[in-house]
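Undergrad: no sequence on this one, just coordinates:
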Ligand SMILES: Cc1ncc(COP(=O)(O)O)c(C=O)c1O
C-alpha cells in the first residue's frame with residue numbers, strides 16, 4: 001500500500017521554462033519549479049550535467065522540507081542541518097544560508113502551492129570521471145519545489161515493517177548525521193520491504209540495535225513512556241525533535257539503545273520523518289504491535305503534530 005518514500009510527484013509544466021530570465025517571475029505551471037545555480041526551470045526542463053559528482057558518486061548533501069498552508073515548517077532547522085551536512089563532507093556551499101533561505105521561499109511562491117515539498121541540495125558540482133573532489137571546484141545548488149506522495153494509512157491502522165537484512169552503514173564509515181546524497185543503504189532496505197510486501201524497513205545498527213527506517217526515525221511506546229534511539233546511529237531527525245518537544249511535560253521520554261525484541265513487545269511503535277510525518281506501525285516482521293491498531297499515544301502525537309505544522313512555520317511571500 002505504501003507509496004515510495006520521497007516519490008516526488010511532479011507533473012511537467014506545459015509552459016515554457018524561464019531559464020533565460022533568472023530574475024523574472026516564474027512562468028512554470030502547476031507542476032512545481034526548480035532552481036539550479038541562479039536560474040529557474042520547470043521540472044521537465046531542469047537538468048544537471050552527467051559529470052556532476054552528485055550523480056556520479058552521490059557526492060553532495062540535501063534536505064527534505066514540507067510546507068503546509070502557506071508556511072514552511074522548520075525551515076531554519078532544516079537549513080542549519082544542510083549547512084552542517086555540507087561542512088561534514090568538506091563541501092563549501094556556493095551560496096550563503098540567508099540566500100538559500102530566500103531562494104527556497106521564492107521557489108514556494110513561484111510554485112503557487114500552499115502545501116508541498118522542497119528538496120534543496122548541494123552537489124559537489126561538475127568534475128571529471130575521477131573521484132577527486134578537487135576536480136569539482138564549483139558546487140551546484142538545486143532547489144526542487146514539488147508535491148510528495150507518501151504512505152496512505154487506512155483509518156485507525158498503520159504500516160507494516162520488516163527488518164532489513166543489511167545493517168545501517170556504521171557511523172565510523174559514514175556519519176548518519178550527514179544527510180548525504182548517498183542513500184543506497186536506505187534504497188536497498190526499502191527494496192527489501194517492497195520485495196517482502198511490507199511498507200517500510202527498519203535498519204539495525206552494527207550492534208544489532210534499532211537504528212532507523214529508510215527515511216524515518218523510530219519511536220516505541222512502553223507503559224506510556226516514549227523511547228527513541230540516540231542519534232549516534234541515525235539522522236538527527238527534525239520530526240523526531242519535534243515529537244520530543246511535543247511530548248515534553250506530557251510523557252516520559254527515554255533516549256537509549258533499543259533492542260529489536262523491544263519493538264516486538266512494545267505497546268505502540270511509530271516512525272517520524274518530514275515526508276512520512278508520524279507513521280503508526282501495526283506490524284513488525286509479521287508480529288502484531290499492541291492490538292494491531294493505531295495506539296492512543298501515537299494518535300495523540302499525530303493530532304498534535306498535524307495541528308503544529310498547520311499553525312507554525314515561515315510564511316511564504318506569495319505576493320512579493
Ligand atoms: C535516514 C533518515 N532518517 C530519518 C529521517 C527523518 O528526518 P526528518 O524528520 O528531519 O525528516 C530522514 C528524513 O529524510 C532520513 O532520510
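TA: It's in. What you are looking at is a predicted structure, and each value in this text was computed from that prediction instead of being measured.
Undergrad: and the residue of the stretch 51-200 of the chain closest to the ligand?
TA: Closest to the ligand within the stretch 51-200 of the chain is residue 64: 4.8 Å, counting by CB to the nearest ligand atom. All C-beta spots, glycine's among them, are computed from the backbone N, C-alpha and C.
Undergrad: surely that residue is in contact with residue 277?
TA: No. Look at residue 64 against residue 277 with CB atoms under 8 Å: they stay out of range, at 11.6 Å.
Undergrad: which pLDDT value goes with the residue of the stretch 51-200 of the chain closest to the ligand?
TA: The model reports residue 64 with a pLDDT of 98.
Undergrad: distance of the closest residue to it other than its chain neighbours relative to residue 155?
TA: Nearest residue to residue 64, sequence neighbours excluded (CB to CB, 6 or more residues apart in numbering): residue 274, at 4.9 Å. Here residue 274 is placed at a distance of 23 Å from residue 155 (CB to CB, to the nearest Å).
Undergrad: more neighbours: those two, which one.
TA: Of the pair residue 274 and residue 155, residue 274 is the one with more neighbours under other CB atoms under 10 Å, namely 24 against 6.
Undergrad: for the more buried one, give its distance to residue 253.
TA: When distance is defined by CB to CB, residue 274 is 20 Å away from residue 253.
Undergrad: same check, this time on residue 294
TA: Taking CB to CB, one finds residue 294 at 20 Å from residue 253.
Undergrad: of those two, which one has the most company?
TA: A side-by-side neighbour count of residue 294 and residue 253, using other CB under 10 Å, places residue 294 first with 23 against 14.
Undergrad: nearest residue to that one in space, please, no chain neighbours.
TA: If the residues on either side of it in the chain are set aside, residue 294 comes closest to residue 280, at 4.3 Å by CB to CB, 6+ apart.
Undergrad: could you say what helices and strands the helix or strand containing that neighbour packs with?
TA: Assigned by DSSP states H and E, residue 280 belongs to strand 277-284. Under the contact criterion of 3 or more CB pairs under 8 Å, 6 or more residues apart in numbering; DSSP states H and E, strand 277-284 touches strand 159-163, strand 200-204, helix 238-247, strand 268-273, helix 296-309.
Undergrad: who wins for proximity to residue 46 among the ones you listed?
TA: Each of the helices and strands packed on strand 277-284 has some distance to residue 46 by CB to CB; the shortest is strand 268-273, at 24.5 Å.
Undergrad: regarding the protein, what is its longest strand?
TA: Ranked by residue count, the top strand of the chain under DSSP state E comes out as strand 140-149.
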